[in-house]
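In: got a sequence here, can you build the structure:
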Amino acid sequence: MRMIPDAPYRTKSRAELRLFDKLRNATLDDNGAAWTAFHSLNLTRHQRKRFGEIDFLLCGPRGLFVLEVKGGRVACTQGVWRFTDRFDEESSSLESPFRQAESALHGLLTRLREQLPAPLIDQFSVGFGVVFPDCLWPLPGAEWDPHTLADARGYQRFDHWLQQLIRYWRKKDGGNRAASADALQTLQQFLRPEFETATPLYIQALQAEEEIARLTADQIRLVDVLSANRRVLCSGGAGTGKTFLAMELARRWTSQGKRVLLACHSPWLCAYLSSRFAIPGLVVAQVGTVAGALRRAGISVCDCLIVDEGQDLFDLNSLGQLDAVLKDGLADGRWCLLHDVNNQSGILNHPDPEALAYLHSLNPARVPLTTNCRNTRVILDKIQTTLGVDMGTRGAGVGPSVREQTAASMEQAGRLLAAEINSIINEGGISPGQVTLLSPVEFAASSAARLPEKLRQRIWQLDEFSLKRFPLQQMTFTTVSRFKGLENEAVILIDVAPIPAASADLATHYVGMSRARSLLSIIYRRDLVVQRSSG
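Out: The predicted model follows:
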C-alpha cells in the first residue's frame, strides 16, 4: 500500500509506527487499483473539537476508511476509558476510541462535501475501525461491533481483518459502490494538499538541526572523561563531535588557568577555529608553526595540548614538534589527541606505524566516540553503506533524502547543478549561505565553472580569509580536501565518480559526503570512470 508520507510522522506512539509498517506491507486485491494510506491527517471540521486528527485514513476504489490506533493496555470503568502505555503512563477519556474514529470520519465527510461534488463522494463506501495491537478484547459491547475492532489476534492477521472491515461497511450501503479511477485520483489529490503538505527542505533541515543540538549537548559529558585523564587518544568517525569536544576541553582547561595549545594540520581549519573560538588562554596553530604561535602569545611551552584532526599528524616529525612545546613533553605532559578512526583503513592517509607505536607506548586512555552528532540518519546510512566506514551510530534526526544524479559529461553536470541549486535554494527554501559546493578540483576545472554566468556570480570561492566569516551570506565553493574538518547545512558534492575505486576516490567521497549536516546532494560524473579506465 502506498503511504503518505512515505515515512511516518514523528510520534511517541509505537503502536502507530507498527501499524504504519503493517499498512505499508498490506495487500488489498482490487484488480491492480492502488490504495493509499494517509498518516496523521489533521481535520479542520470536527463535530465537537476545534481540531481533530485521524491516525490513518485508507483511500481506495472500495471506499474511505478511518483507523484509530490505541497501543498498550486499555480499560473502561464507569464510562471512563483509560489507556496505559509501555512506560506505565496513563491517560483517560470520556470518549471511546470507537466514538473518536466515528466522529473523525464525520468531520472528514463534512469537509469533503463542502469541497467536492456529491456524486463523486457517493461513489465511496465509508467506515471506521479501531486497532488495539497490544491487548485481547474481553467482552462484546453496545458501543462497538466486533467487525470494527482488531485486538492482538486481529492484528496478527491484519490483512484478513482489513478485508473483513471493508466488506462489513460495504454491506451497509449495498456493496455495489466502486469509485472510478478519476474519482479516486481527484479525492487523493484533494486529501494530499489538504492534509499532508510537502515539508520544505529548510523545515526538514531545521528539524534535523534541533536533534543535532540535543546530541551535541549529550556529548558534553565526555569532556569529563577527557579531562580526567592525563593522556588521551580519542577516536571517532567524521561527525562524531571531535572538534566540538576539542573546543569544550579547551574551555575547561583554560578556565582552570592553564595555557592551552590547540594544534591541527589544515591552515583552513586553523583559521576557522581561531576566528570562531576566541578563548582567553588558548593558542590555535598549525603544527608547523606552533613554536612561533606560542612565542607571539608570550610563552615558550603550553600546559596542555589538544590536537584536532590528529590523523594528519601521525608522523614522527609532527609529534616531535608537539613534544618540544608541551610542558613535560608527550611522555609526561597533559594532552588529548582526537583523530578519525578511519585513518588506519587507508581511506584518509597512511599513518606512520612508528608514530602510532610511540603514542601507544605512552599508555594513553583510549576514548571511542560512537554517536554521530553531525549527519542526519539518511546521510549517515548512505555513507556507511556506500563506503563501509565507521561513522558512529544514531545520526541527528531523519532529514531529507540524499539526492543523487548522474551526468554523462561535465557539460551535463553543469546543467544538473544549475537545476539542483534552483531546487534547493529557490524551491526548497534553504538560504544560500547554508549551501556549499564541494569538488575534488579547483573551481575552473569543476562542473561549477559550467554554470550560467549569473549563477556563477552568486558563488563565493572560499579562501583562508573569507573562512573566518564562514558561513557567509552567499553560496560557497571549495575543494573537498580544504573543507576537511568543516561543515555546512547543505552540501552539493560534484565531479566525483559513481563508484569510488582508488583510495583517493574513497577519501574524497568520505570527506565530501560527511560535511553535510542535513542535506546531501551528489552529482556524479560517469565520464570520470571512462577517463580513469582509458588512462
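In: quick one, grab the pLDDT at the most centrally placed residue in the chain.
Out: In the chain, the C-alpha nearest the mean C-alpha coordinate belongs to Thr376, at 2.1 Å (CA atoms, centre = their mean). At Thr376, the pLDDT value in this model is 81.
In: helix, strand, or coil at the closest residue in space to it that isn't next to it in sequence?
Out: Leaving aside its chain neighbours, Thr376 sits nearest to Gly399 (2.9 Å; criterion: CB to CB, 6 or more residues apart in numbering). Glycine gets a C-beta too; all of them are placed from N, C-alpha and C. Assigned state for Gly399: coil (three-state reduction, DSSP: H, G, I helix; E, B strand; the rest coil).
In: neighbours around Gly399, how many?
Out: Neighbours of Gly399 under the rule other CB atoms under 10 Å: 26.
In: and the gap between it and Ala516?
Out: Computed as CB to CB, to the nearest Å, the Gly399 to Ala516 distance reads 9 Å.
In: give me the common contacts of those two.
Out: When CB atoms under 8 Å, 6 or more residues apart in numbering defines a contact, the residues bordering Gly399 and Ala516 alike are Ile379.
In: number of nearby residues for Ala449?
Out: 16.
In: show the pLDDT at the residue of the chain positioned farthest from its centre.
Out: Among the C-alpha atoms of the chain, the one farthest from their average position, using CA atoms, centre = their mean, is that of Gly174, at 48.3 Å. Listed pLDDT for Gly174 reads 82.
In: return the residues in contact with it.
Out: The contact partners of Gly174, by CB under 8 Å, 6+ apart, come to none.
In: check the secondary structure at it for me.
Out: Under three-state DSSP, Gly174 falls in the coil class.
In: who touches stretch 114-124?
Out: Outside stretch 114-124, the residues that reach it (CB under 8 Å, 6+ apart) are 45, 63-64, 109, 112-113, 177-180, 183, 186-187, 190.
In: let's go with 6 Å and repeat that
Out: Judged by CB atoms under 6 Å, 6 or more residues apart in numbering, the contacts made with stretch 114-124 from elsewhere in the structure are 63-64, 112-113, 177, 179, 183.
In: what about these, which are in strands?
Out: 63-64 (DSSP state E).
In: hmm, back to that, any idea how far Ala516 is from the residue farthest from the centre of the chain?
Out: Relative to Ala516, Gly174 is positioned 56 Å away (CB to CB).
In: please apply the same query to Ser92.
Out: Here the criterion is CB to CB. By it, Ser92 lies 45 Å from Ala516.
In: which one's more surrounded, the two?
Out: Looking at Ser92 and Ala516 with other CB under 10 Å, you find the greater number of neighbours at Ala516, namely 30 against 12.
In: adding distance to Gln457, neighbour count and pLDDT, write the contacts of stretch 114-124 out as CSV.
Out: As requested, those are arranged in CSV below (distance: CB to CB, whole Å; neighbours: other CB atoms under 10 Å; pLDDT from 0 to 100):
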residue, distance to Gln457, neighbour count, pLDDT
Gly63, 56, 21, 89
Leu64, 52, 24, 90
Leu112, 50, 21, 87
Arg113, 53, 14, 88
Arg177, 59, 15, 85
Ala179, 53, 23, 85
Ala183, 50, 19, 87
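In: how about the strands in the stretch 301-450 of the chain?
Out: Shown for the stretch 301-450 of the chain, the strands assigned by DSSP state E, counting those that start in this stretch span residues 304-307, 334-340, 365-368, 371-372, 393-394, 403-407, 435-439.
In: ok, and what's touching the longest one?
Out: With contact meaning CB under 6 Å, 6+ apart, strand 334-340 is reached by 226, 230-235, 242, 246, 249, 304-308, 310-311, 348.
In: just how off-centre is that strand within its chain?
Out: Its chain's average C-alpha position is 28 Å from that of strand 334-340, according to CA atoms, centre = their mean, to the nearest Å.
In: what does the last one give?
Out: Going by CA atoms, centre = their mean, the spacing between the C-alpha centre of strand 435-439 and its chain's C-alpha centre is 18 Å.
In: that one pairs with which strands, parallel or anti?
Out: When pairs are called by DSSP bridges, strand 435-439 turns out to pair with strand 475-479 (parallel), strand 488-496 (parallel).
In: of those strands, which approaches Ala37 most closely?
Out: In this view, the strands paired with strand 435-439 are compared for proximity to Ala37 by CB to CB, and strand 488-496 is the closest at 30.9 Å.
In: on that earlier part again, and the strands paired with strand 435-439 as CSV, adding distance to Gln457 and mean neighbour count?
Out: Conversion of the strands paired with strand 435-439 to CSV gives the following (distance: least, CB to CB, whole Å; neighbours: other CB atoms under 10 Å):
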stretch, distance to Gln457, mean neighbour count
strand 475-479, 10, 23
strand 488-496, 17, 24
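In: ok, which of those strands comes nearest Phe38?
Out: Go through these one by one with CB to CB and the one that ends up closest to Phe38 is strand 488-496, at 28.9 Å.
In: restrict the closest one to CA atoms and write it as CSV.
Out: Backbone C-alpha positions of strand 488-496 (Å, rounded to 0.1, in the frame of the first residue of the first chain) are rendered in CSV as follows:
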residue,chain,number,x,y,z
ASN,A,488,27.6,23.2,6.4
GLU,A,489,23.9,22.7,6.4
ALA,A,490,23.7,21.6,2.8
VAL,A,491,26.5,20.2,0.6
ILE,A,492,26.4,19.6,-3.1
LEU,A,493,29.3,17.2,-4.0
ILE,A,494,30.3,17.4,-7.6
ASP,A,495,32.9,15.9,-10.0
VAL,A,496,33.1,12.5,-8.4
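In: the helix or strand just after that strand packs against which elements?
Out: Under the assignment DSSP states H and E, the closest C-terminal helix or strand after strand 488-496 is helix 503-513. Contact here means 3 or more CB pairs under 6 Å, 6 or more residues apart in numbering; DSSP states H and E; on that basis helix 503-513 packs against no helix or strand.
In: no further questions, thank you.
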